[in-house]
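**Student:** Structure for the following, please:
(one chain, ligands or ions: 2)
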Amino acid sequence: MTEPGPERREDATGRGGLSRRRMLGFSGASLLVGAAAGAGLDRVASADEDDSPAGASIAFHGAHQAGIATPVQDRLHFAAFDVTTGDRVKLVRMLKEWTAAAAAMTAGRPVGQGAVGGPAVAPPDDTGEAEGLPPSRLTLTIGFGPTLFEKDGKDRFGLKARRPPALVELPHFPGDNLDPDRSGGDIVVQACADDPQVAVHAVRNLARIGFGVVGVRWSQLGFGKTSSTTPDAQTPRNLFGFKDGTENIAGTDTALLDRHVWAAKGDGSDWMAGGSYLVARRIRMHIETWDRTSLREQEDIFGRNKGEGAPAGGRKERDKIVLAKLRPDAHVRLAHPDTNGGTKILRRGYSFTDGSDGLGRLEAGLFFIAFQRDPRTGFIRIQQSLATDAMNEYIQHVGSGIYACPPGPREDGGYWGEGLFA
Ligand SMILES: C=CC1=C(C)c2cc3[nH]c(cc4nc(cc5[nH]c(cc1n2)c(C)c5CCC(=O)O)C(CCC(=O)O)=C4C)c(C)c3C=C
Ligand SMILES: [Fe+2]
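**Tutor:** Ligands and ions are numbered 1, 2, ... in the order given. The predicted model follows:
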């Protein structure tokens, strides 16, 4: 399967999806979605025909992958894949096909000839459930796990020497109760969109394209973003009812992004320059116990109040935090840059509920996602500080993964991970 050219793209949609080229020329209708400008002005988002944010698309190509510093959408489908072939050529071919499909789907177009446009004697190129839906700001972000570089002592794809030094195995943290069936994976795809059907459709099509090369190891649906990269927007709340993401890195803050999020040449792996490292943690939240905890205790545990999200001693959400006014075991005090050598991470997590745990409790929590330039000084450093977090009584980390997310694919025929396989 090859990426259709811009002209064919318009024909192939069959549902009025405008090509990126046409959308940019759509005078008065193109809009910048939230902080897209800060994610690099190359990443301009454009309005769909109806000119509503719900119909907007976010540019797929660029110096950085979309889905990191771009505005956070409402829904998540995160999928970890294991590579089931030992054939490097097949793997690269699939990554090229994935890139073409991802470019189409993020622009609101179907994969290949679509769900009904191809020959009747063959399975359709696209599974069809996003037919008629707008792009919904879909972003697809790929990452490579440590096992892609070496698994059980085997260098399956000749990539061992190309493993970035920052792509370490995460150490065991106190309280971890990790399920191997919800952890790891050779390749991950983070699909975010404002419509869950659009996110699930994207992952499903990639899985279909990858048949015989990859298999889904585990996946996670998320709703209710728990962080934002757009500080001007209302801060979302997590399942404990607290505003979450107040002190996140803004997608417009290029200085902070360059310092804390984007890998750079000279960091130890040149093919990762412009990329970032993703740490995912499935964190179970014992909401029933939390709901029996007094408001004062809840607020002391975070070091912020529940209504406004103001730091202890302050009145407004954005008031300056005075760490000395927080309990020594308060979450915000322990996670704060001043407690961790100045480190910052870009959080992009989602809430989840997955039925019940069989003991009369909701299986609910936070699917924590953080992007950083180096997990050793980012997530690992902060998580080690959180060993004494008062919140630990109410949460448990049950799934985990770390992945190297390469830079964004070039518009002129580049593909996901091109630098790694060069
Ligand atoms: C290792 C990193 C972090 C984990 C794991 C984590 C889990 C976690 N956090 C909340 C809720 C909140 N976190 C808040 C702030 C905050 N959390 C981290 C890191 C981790 N959190 C950081 C770096 C920060 C910012 C600290 C600062 O600079 O002030 C807040 C306060 C509001 C905010 O700034 O976002 C809340 C609320 C939960 C529920 C959770 C696990 C389930
Ligand atoms: Fe936190």
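**Student:** in the stretch 301-422 of the chain, which spans are helices?
**Tutor:** 331-335, 379-385, 418-421 (DSSP state H, counting those that start in this stretch).
**Student:** Show me what counts as buried in the longest one.
**Tutor:** Looking back up the chat, that one is helix 379-385. Residues of helix 379-385 classed as buried by neighbour count (16 or more other C-beta atoms under 10 Å): 379, 380, 381, 382, 383, 385. All C-beta spots, glycine's among them, are computed from the backbone N, C-alpha and C.
**Student:** thought the third one was touching residue 343?
**Tutor:** Yes - under the criterion of C-beta atoms under 8 Å, residue 381 makes contact with residue 343 at 5.4 Å.
**Student:** quick one on the thing from earlier: nearest to residue 216, out of the helices of the stretch 301-422 of the chain?
**Tutor:** Among these, helix 418-421 comes nearest to residue 216, with 21.6 Å by C-beta to C-beta.
**Student:** Where does the stretch 51-200 of the chain get nearest to ligand 1, which residue?
**Tutor:** Closest contact between the stretch 51-200 of the chain and ligand 1, by C-beta to the nearest ligand atom, is at residue 173 (8.9 Å).
**Student:** Check the secondary structure at that residue for me.
**Tutor:** Classification of residue 173 using DSSP: H, G, I helix; E, B strand; the rest coil returns coil.
**Student:** which one of the buried residues of helix 379-385 sits closest to residue 224?
**Tutor:** So of the buried residues of helix 379-385, ranked by how close each gets to residue 224 (C-beta to C-beta), first place is residue 379, at 21.6 Å.
**Student:** where do the strands sit along the stretch 101-250 of the chain?
**Tutor:** For the stretch 101-250 of the chain, the strands defined by DSSP state E, counting those that start in this stretch cover 139-144, 187-193, 214-225.
**Student:** Only the buried residues of the next helix-or-strand element following the longest one, if you could.
**Tutor:** The C-terminal neighbour of strand 214-225 among helices and strands, as given by DSSP states H and E, is helix 254-260. Taking 16+ other C-beta under 10 Å as the basis for neighbour counts, the residues of helix 254-260 that come out buried are 254, 256, 257, 260.
**Student:** returning to what we had before: nearest to residue 272 among the strands of the stretch 101-250 of the chain would be which one?
**Tutor:** When those are compared by C-beta to C-beta, strand 139-144 sits nearest residue 272, at 9.7 Å.
**Student:** Could you list every helix and strand that the closest one packs against?
**Tutor:** In terms of contacts (3 or more C-beta pairs under 8 Å, 6 or more residues apart in numbering; DSSP states H and E), strand 139-144 is packed against helix 88-106, strand 187-193, strand 395-405.
**Student:** can you do 6 Å?
**Tutor:** strand 187-193, strand 395-405 (3 or more C-beta pairs under 6 Å, 6 or more residues apart in numbering; DSSP states H and E).
**Student:** from the ones you listed, which stretch is densest packed?
**Tutor:** The highest average neighbour count among these, using mean count of other C-beta atoms under 10 Å, belongs to strand 187-193 at a mean of 28.
**Student:** Can you list the strands that that one pairs with?
**Tutor:** strand 75-83 (antiparallel), strand 139-144 (antiparallel) (DSSP bridges).
**Student:** Need the contact partners of that strand.
**Tutor:** Applying C-beta atoms under 6 Å, 6 or more residues apart in numbering, the external contacts of strand 187-193 come out as 67, 73, 75-81, 136, 138-144, 199, 202-203, 206, 403.
**Student:** So what's the residue count around residue 354?
**Tutor:** As a burial measure, residue 354 scores 13 neighbours (other C-beta atoms under 10 Å).
**Student:** let me fix that: residue 219
**Tutor:** 18.
**Student:** got the contact list for it?
**Tutor:** By C-beta under 6 Å, 6+ apart, the contact list for residue 219 reads residue 79.
**Student:** And it, what's its pLDDT?
**Tutor:** Predicted confidence (pLDDT) at residue 219: the value is 98.
**Student:** likewise residue 13?
**Tutor:** We have a pLDDT of 24 for residue 13.
**Student:** Residue most distant from the centroid, the chain?
**Tutor:** Taking C-alpha atoms, centre = their mean, the residue of the chain most remote from its mean C-alpha position is residue 121, at 37.0 Å.
**Student:** Any residues of this structure in contact with ligand 1? List them.
**Tutor:** Applying C-beta under 6 Å from any ligand atom, one finds that the chain approaches ligand 1 through 238, 240, 242-247, 281, 283, 285, 302, 304, 321, 331-332, 335-337, 345, 366, 368, 379, 382-383, 386, 395.
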